[in-house]
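Need a 3D model of the following:
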Amino acid sequence: MRVSDLIHLVARLADVVLSRRLTPLEQAEVAPYLQFPMERDMFWGQPRADQRHGLEAARFVAAGCPGRHELIRAALLHDTGKRHARLGPVGRSWAVLRRAAGLAPTPRIASYLDHGKLGADELATAGAKPLVVAYTRHHHGERPDGIRPEDWDVLQDADRAFLAGPPSLANRSQRPRLARLPPYDGVSERVRGAP
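Now for the predicted structure:
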């Protein structure tokens, strides 16, 4: 494990432990971006740290790409598969360390490490747009053909900029973000027959 990976792991652990629940105003901010009942169940079924991370990543994307609701939704929903593992902060850190050491994962650790695929499969079933599904599936890997390089870069920056709380310990003042997501009703996109 590289030193930068270890620093990232420590910052992630601190962010998860220190994250706070979404306030009622923040919940109202997120709600319009959750277009389908299954998406709502997925998002609200996450631990508070993952909800906060999704919101902060979505705000980051919205700051740089206003009006790109599909990108905002991808940032908001990309880690929803983690909820299946039911791992707390220590369990998550242990999962990453076990993987780095080449140890075989337990079933819960395997579901945590494979959260991108689990979340993407569920989002596809829910009817999410292809970009949202593709980013969720590949956000810890290489950019898939279906996502433009500039969109991928914004989403990756958002994921790294806000691990789980206010700007992460690793880069507290380096990233722009919005105080709130822009209003969005999602109706026009659903009416057009999207996903």
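
Give me the helix or strand of the chain that scores worst on average pLDDT.
Of the helices and strands making up the chain, the lowest-confidence element is helix 187-191, at a mean of 41, by mean pLDDT, DSSP states H and E.

Burial check on residue 57, number of neighbours?
Residue 57 has 28 neighbouring residues, counting by other C-beta atoms under 10 Å. Quick note: C-beta positions are derived from backbone N, CA and C, even for glycine.

What segments of this structure are helices?
For the chain, applying DSSP state H gives helices covering 3-18, 24-30, 37-44, 48-64, 69-77, 89-101, 107-113, 115-126, 130-138, 149-161, 187-191.

in the third one, what's buried?
By neighbour count, and taking 16 or more other C-beta atoms under 10 Å as the criterion, the buried residues in helix 37-44 are 38, 39, 42, 43.

From those, pick the one nearest residue 26.
residue 43 (12.0 Å; C-beta to C-beta).

From residue 130, how far out is residue 33?
Distance, residue 33 to residue 130, using C-beta to C-beta, to the nearest Å: 17 Å.

what about these two, which has more around it?
Legend: neighbour count by other C-beta under 10 Å for residue 33 and residue 130, higher for residue 33 (23 against 15).

close enough to count as contact, the more buried one and residue 183?
No: Residue 33 is beyond contact range of residue 183, at 10.3 Å (criterion: C-beta atoms under 8 Å).

State the distance from residue 148 to residue 182.
Distance from residue 148 to residue 182, by C-beta to C-beta: 21 Å.

show me where pLDDT drops low in the chain?
Residues of the chain meeting the criterion pLDDT under 70: 1, 4-5, 8, 162-179, 185-195.

can we see that at 80?
Of all residues in the chain, those with pLDDT under 80 make up the ranges 1-16, 161-180, 183-195.

Just the buried positions in stretch 104-115, please.
Neighbour counts using 16+ other C-beta under 10 Å place 109, 111, 112, 113, 114, 115 of stretch 104-115 among the buried residues.

now the third one, nearest residue through space, not along the chain?
When you say that, I think you mean residue 112. Nearest-residue entry for residue 112: residue 85, 3.6 Å, with adjacent residues in sequence omitted and distances by C-beta to C-beta, 6 or more residues apart in numbering.
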